[in-house]
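> predicted model follows, preceded by the sequence.
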Amino acid sequence: MIVCLSLVSKATTYYVSNNGNDTYSGISTALPWKTLDKVNATTFKAGDQILFERGSTFYGSLTVNQSGASGNPITFGAYGTGVNPVITGFTTVTAWTDLGSNIWESTNTVSTLSTCNMVTVNGVNTAMGRYPNADLTNGGFLTIQSNPSTTSITNTTLTGTPNWTGAELVMRSNDWTMEKRTITSQSGSTLNYNTACSPVINYGFFIQNDSRTLDQQNEWYFNPSTKKIRMYSASQPTNVKVTSVDDLFTFSASIGYVNVDGIDFSGANSRALYRWAYGTLPQKVHNINITNCYITYCGTDAVSVCSYTLNVENNTISETNGIAMNLSSSRNVVVRNNAIHNSSLLPGMGVSFSAIQVGESTNNTILIEYNSITNTGHNAISFGADTTTIKNNFIDTFNTILDDGAGIYGGSNCKITNNIVLNGIGAWKGTAKTNGGLVCGIYLDDNSNHNEVGYNTVSGCAWIGLYLHNTNTNNLHHNVIYNNNTQLRTADDNLGGDVFGNLIQNNQFIAKSSTQMVCDFSSNQNNLTGIGTFDNNYYARPINEGNTISTNQPSGSASRTLENWKTFSGQDANSKASPQTITDVNDLQFEYNATKTAKTVTLSQSMIDVKGTKYTGSIILQPYTSVVLMKDQNPASDVPIVSDNRSSQTMEIYPNPSCGKFVVRFVNLTIIGSRIEVFDVAGRRVLSRMVKSNVEEFNLSGLAEGLYVVKSIMGSEEKIQKLLIQH
């Protein structure tokens, strides 16, 4: 009889610590390894864990060459107590030589790389030197006066300056890009450079990556030949760090089922976590999880991964010179609960300037939710994939370096809901414009069709709140668009298809100042009456109602009142303007809730919203919602519809007012077996239901608009609240 024995290889946990030794076994906390080199030299198998001691810092890079298995991944994580372990590519410059005239040079080489993309001084991401300086007129841009060829530009200011051969040329080639080229020669006012592009006359450029640009505190230059850094400083520089490792964590081609959890990455000359397949699908990694990491100071992108099935959750990413998350060729992606700050804020230091970028357009499902994205050079979220869902994100301050972008940009067949998008700044310096900025809150551009855009808030954009450009068959509903230069714009031109078939209903388009427009409908054809179906919207400019809607087409342009727009378009039969006027914009109050829990806002006076709903005491905002209020000129004397949350009320109704769909939530009560009843103003009962949980959802959208009474019956106790239904 032959007996076959199957030997099952058990998973192993390995430990790595600054206090370890690479000659140890590494399989216990008492005998840990010491270096990343030892980890890279080891072959791992499915289920293995490689844990780095919290509080330890490891210089260098990791490359993962093996795959885990479904339900049995290879995990790179942390053990012990304290702060996360750190993998870093930073080198600290400790010795300096004084070259005179406030120029200092590192005494020793600081890197083996041919470039340096990230330098920090006292923990601050610091740009290399440039000419002209960024604090000068027009943001430090010279103007392209002519373009003799696709590899040359001219500016008379260059005559008499140093010969910039070998330096780097940075050009605004259009509103939304910035090109970098090496200067190959200079002849008087003409710069010649490598690699053709299309320079635009009257757009801007500057020169960098040359030691002769150093004339302001902490400006620097890295010499690729000597591998030394020079810095302008009034005294010997201190606490200077230079990136000297390109990629800190690399996924080898085609591997899968790998988790990276609870490790911090800092000081990548290029990327913190990297796998790029250059469009070849077999090289993509798969089933990758990146969670609970803190990623800072990356010279190009922070996370640049091309993967099938990718989860990026609960990470913090800050101080990236390029894209925080470049996932353009990944499929089946979840990006959730990440905090992304200060992406692409230094002109000339990066090439791409977005926070989150996702892309592949077919056979793809992408979910981007509950992220906080603040301070971005261009688009906060840029997407091109079908079946993308972007919801419950908070976006603040974007398009600070490049123009013609948005807080949320692009895509077709996608759902964009419950996002709060604030403060699109615009970046006109270095372009042919003299002020303003082409920046939108939500931008559906060039054939981005069949999208749902609902329950979003957009405020504070220098150009447009919600923009439909050459796009059709979108559903825009229940959005609050407030205090943008123009709240809603539709336009078609020769760059894409016509604007038609859009459903635009139940939105609030509210201009704050008298110079802002509520809507701008433009077309290069005489087809403005075919934009779509409009109804039950609020077009409000309470400081000056007047002509709030602009129409522009070949047959003529006009500024129109809402009533005139209704006549012209045959649309918006049930839409309304402000319920009252105001004389001071300070009587407007904008509140939003960018959290996952309800928020109570205390009111200092009686207020009213554009629907005419009156509020006193306080208002409850549900997660990722907002409200625009104005001082109530005729405050109600009866019980307010929305009660003060500080009272003894133990039943909450939201949203209120409602389109008919609402939630009743009970607080601090045993409610199982209780009953909910709804009555109209005539006392007729329109609903009765037994309560089964402390949160009950209702859909009474079939009822007529008006005031209703919601009664909860809990034993001998009754609670009553008013509910306003507005379609």
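It's in. As the structure is a computational prediction, the values presented were derived from the model and not from experiment.

> mind giving me the domain split of this protein?
Domain assignment for the chain by automatic domain parsing gives 13-88, 91-242, 321-569, 582-647, 650-727.

> please identify the deepest-packed of these.
Highest mean neighbour count among the domains of the chain (mean count of other CB atoms under 10 Å): domain 321-569, with a mean of 22. The way it works is simple: take the backbone N, C-alpha and C, and place the C-beta from them, glycine included.

> and it, how far from the chain's centre?
13 Å (CA atoms, centre = their mean, to the nearest Å).

> past the longest helix along the chain, which element shows up next along the chain?
The longest helix of the chain (DSSP state H) is helix 562-569. Counting by DSSP states H and E, the element after helix 562-569 in chain order, helix or strand, is strand 588-593.

> need the CA coordinates for that next one. PDB is fine.
Extracted C-alpha coordinates of strand 588-593, given in PDB (Å, rounded to 0.1, in the frame of the first residue of the first chain):
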ATOM      1  CA  LEU A 588     -27.600  85.400   3.400                       C
ATOM      2  CA  GLN A 589     -26.400  82.400   5.300                       C
ATOM      3  CA  PHE A 590     -24.900  79.300   3.700                       C
ATOM      4  CA  GLU A 591     -24.400  76.200   5.900                       C
ATOM      5  CA  TYR A 592     -23.300  72.700   4.900                       C
ATOM      6  CA  ASN A 593     -22.600  69.400   6.700                       C
END
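
> note down every partner strand of it and its orientation.
Sheet pairing of strand 588-593 (DSSP bridges) gives strand 625-631 (antiparallel).

> ok, residues contacting the helix or strand following the strand it pairs with?
Sequence-wise, the next helix or strand downstream of strand 625-631 (DSSP H and E) is strand 651-654. Residues outside strand 651-654 that contact it (CB atoms under 8 Å, 6 or more residues apart in numbering): 598, 620, 622, 645, 662-667, 710, 712, 719, 721, 723.

> ok so, going back, closest to Gly256 out of the domains of the chain?
Ranking the domains of the chain by their distance to Gly256 (criterion: CB to CB) puts domain 13-88 first, at 4.8 Å.

> now do the same end-to-end measure for that closest one.
Using CA to CA, to the nearest Å, one end of domain 13-88 lies 23 Å from the other.

> one more: stretch 322-339?
Start-to-end span of stretch 322-339 (CA to CA) is 16 Å.

> let me see the mean pLDDT of that stretch.
Taken as a whole, stretch 322-339 carries a mean pLDDT of 94.

> what about the longest strand in this protein?
strand 177-187 (DSSP state E).

> so after that one, what's the next helix or strand?
With DSSP H and E, the next secondary element past strand 177-187 is strand 190-193.

> who are the packing partners of that following strand?
Helices and strands touching strand 190-193, by 3 or more CB pairs under 8 Å, 6 or more residues apart in numbering; DSSP states H and E, are strand 152-154, strand 177-187.

> of all these, which one is nearest Thr109?
With CB to CB as the criterion, Thr109 lies closest to strand 177-187 of those, at 22.5 Å.
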